[in-house]
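Undergrad: predicted coordinates and the sequence they were generated for:
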Amino acid sequence: HPRNLGRLGRHAMNMVSNWRANIEARRLQIFVHDLGATGVVRNAIALANEAAACGYQVRLLVCSSAGLLKDLVSPSVAIVELSSGHGGHRSRRDTMKAALLAYRKHSREWTPDIMISAGNHGHLLSTLAWMGLPGIKLLRFSNDLTHGAPGAMTRLWRAAKFRLMAKLADRVVYVSRAQAGFPLVARQLATGKALVIPNGVDLNHVRAAAGQDCNHPWVNDGSLPMVLAVGRHVAQKNFPELLAAFALARASRPMRLIFLGDGTDQEIHRMRRMAMKLGVDRDVAFLPAVSNPFPFMAAARTFVLPSRWEGSANVLLEAMACGTPVVAARTAGDAEHVLADGRYGLLVEPGKIQQLADAILVQTGPDAVRPGGRAAEFARIISMGRYVTLFDMLIERNPGRPVARRHDRFKPWSALPSSRSAGAAAP
């Protein structure tokens, strides 16, 4: 009967509409503490932008939406602030504790297909928030697991915490081959639960941003060689050792040193006093973190990464993308691999201050070991493509929502508008 055919037609259309809605609901949720200028945040934003460009509905969950890198988030990515009203001067640990209930509530109600914790600092919180909820759970270990071989009790606690989190996760991603030296990591890699996806660098973005104006006088004055270090003033970065080595190098040749990164007033004051004691305070500058550090990198005669531990340092790749000669500690994550054991930059042993000073003198002189085109081998489009392929594979194996076929899987997010517009629709 025509009336029945009409009903069947409407029913079929409703079924198709529901099917299409399910296909389009491939949801990806990424957690990071805030949007400050750190390597973890840069990578989380790049991953969110790339996944959104490839058709995923993406939400970036943060305890605080404040931060210098907020403008890098694509308009297609929704930012969800979990701790509104809990900011101020509270520590990161306190703000994450305050965010737990909101984090779990959002994960339960939005029902993402994939949930990602983008940095080590958020893994315990994420594990608690995800517990018992549906969806694929993925931990991205962005830093060294031992943190420079701390005390026995700390090692035992971190090992137990790591085992618990890794057991509850469906997949684990490590950013550095150096992390595979940890026995449990090696077992995870052998069984296929874990894989290594190194960090990458957006060469075009870095080089374009490096050409932007910078009003710091040392950047625009090439009369003296400038040494640059980028990062937070924490024990991991080993900046006091760099300052001591700089003082030795400066005794042989006039030069300047810039520390570009945030730190507590107490730590900055301690570094300033050390510079005064070493007699180099007039040639050392302590600058806060900026959203665009690349003009500093391009202007530097050498970039130094003296870290006691790392995962895979973005800043090393970024400095190399600017063509700047680099010096790195062998303990700085995958620096040995990135620099091909010294072929594309100098490597030094941690604690060897004279060796670091000698390396600074070489890299600021006419015989510097230059990075050449090495950074291109770590192009971000490669690492982002591996992540999106992983997401597709995980969803296809999951008996949940069906997956749409796409032809723009590796479309770079940079094709999207670069700033958040007021009328942009959030997923």
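TA: Perfect, I can see it now.
Undergrad: where's L139, which helix or strand?
TA: For L139, the element it lies in under DSSP states H and E is strand 136-141.
Undergrad: what comes up buried for the helix or strand immediately after that strand in the chain?
TA: Counting by DSSP H and E, the next helix or strand C-terminal to strand 136-141 is helix 152-168. Neighbour counts over helix 152-168 (16 or more other Cβ atoms under 10 Å) mark 162, 165-166 as buried. C-beta: built from backbone N, CA, C; applies to glycine.
Undergrad: which secondary structure elements does helix 152-168 contact?
TA: Here helix 152-168 touches helix 123-130, strand 136-141, helix 183-191, going by 3 or more Cβ pairs under 8 Å, 6 or more residues apart in numbering; DSSP states H and E.
Undergrad: relative to helix 123-130, how tilted is that helix?
TA: With axes from the mean of the first three to the mean of the last three Cα atoms, to 10 degrees defining the directions, helix 152-168 sits at 40 degrees from helix 123-130.
Undergrad: what angle separates helix 152-168 from helix 183-191?
TA: 20 degrees.
Undergrad: got the CA coordinates for helix 152-168 in PDB?
TA: Listed in PDB are the C-alpha atoms of helix 152-168, where the atom choice follows Å, rounded to 0.1, in the frame of the first residue of the first chain:
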ATOM      1  CA  ALA A 152      64.900   3.600  45.900                       C
ATOM      2  CA  MET A 153      61.500   4.300  47.500                       C
ATOM      3  CA  THR A 154      60.600   6.800  44.700                       C
ATOM      4  CA  ARG A 155      61.700   4.300  42.000                       C
ATOM      5  CA  LEU A 156      59.500   1.600  43.600                       C
ATOM      6  CA  TRP A 157      56.500   3.900  43.800                       C
ATOM      7  CA  ARG A 158      56.900   5.000  40.200                       C
ATOM      8  CA  ALA A 159      57.400   1.500  39.000                       C
ATOM      9  CA  ALA A 160      54.200   0.300  40.800                       C
ATOM     10  CA  LYS A 161      52.200   3.300  39.500                       C
ATOM     11  CA  PHE A 162      53.500   2.700  36.000                       C
ATOM     12  CA  ARG A 163      52.600  -1.000  36.100                       C
ATOM     13  CA  LEU A 164      49.000  -0.200  37.200                       C
ATOM     14  CA  MET A 165      48.400   2.500  34.600                       C
ATOM     15  CA  ALA A 166      49.900   0.500  31.800                       C
ATOM     16  CA  LYS A 167      47.900  -2.600  32.700                       C
ATOM     17  CA  LEU A 168      44.600  -0.600  32.700                       C
END
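Undergrad: distance from that helix to the middle of the chain?
TA: Relative to its chain's centre, helix 152-168 lies at 22 Å (Cα atoms, centre = their mean, to the nearest Å).
Undergrad: also stretch 35-44?
TA: Taking Cα atoms, centre = their mean, one finds the center of stretch 35-44 at 5 Å from the center of the full chain.
Undergrad: contact partners of it?
TA: Contacting residues not belonging to stretch 35-44 are listed as 30, 32, 34, 45, 60, 62, 64-70, 72-73, 79, 118-119, 121, 142, 175, 199, 232, 262, 289-291, 293, 313-315 [Cβ atoms under 8 Å, 6 or more residues apart in numbering].
Undergrad: let me see the mean pLDDT of it.
TA: For stretch 35-44, the mean per-residue pLDDT is 94.
Undergrad: start and end of that stretch, how far apart?
TA: 9 Å (Cα to Cα, to the nearest Å).
Undergrad: now the spatially closest residue to A289 that is not a sequence neighbour: how far from P75?
TA: In space, and not counting its chain neighbours, A289 is closest to A37: 4.1 Å by Cβ to Cβ, 6 or more residues apart in numbering. Applying Cβ to Cβ, to the nearest Å, the value for A37 to P75 is 21 Å.
Undergrad: neighbour count for these two, which is higher?
TA: Shown here are A37 and P75; by other Cβ atoms under 10 Å, A37 has more neighbours (22 against 18).
Undergrad: sec struct for that one, please.
TA: coil (DSSP: H, G, I helix; E, B strand; the rest coil).
Undergrad: now do the phi/psi pair for it.
TA: Reported as degrees, to the nearest 10, the phi and psi values for A37 are phi -80, psi 80.
Undergrad: and for H216?
TA: The phi/psi pair for H216 (degrees, to the nearest 10) is phi -80, psi 130.
Undergrad: ok, it touching P293?
TA: No: judged on Cβ atoms under 8 Å, H216 makes no contact with P293 at a distance of 11.1 Å.
Undergrad: the more surrounded of the two?
TA: Using other Cβ under 10 Å, the more surrounded residue of H216 and P293 is P293, with 24 against 16.
Undergrad: and the pLDDT at the more buried one?
TA: On pLDDT, P293 comes in at 97.
Undergrad: show me what contacts it?
TA: If you count contacts by Cβ under 8 Å, 6+ apart, P293 has them with 37, 230, 260, 315, 318.
Undergrad: dump those into TSV; add secondary structure and distance to A359 as well.
TA: Compiled in TSV, the contacts of P293 are given as follows (DSSP: H, G, I helix; E, B strand; the rest coil; distance: Cβ to Cβ, whole Å):
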residue	secondary structure	distance to A359
A37	coil	26
V230	strand	17
L260	strand	20
V315	helix	17
E318	helix	19
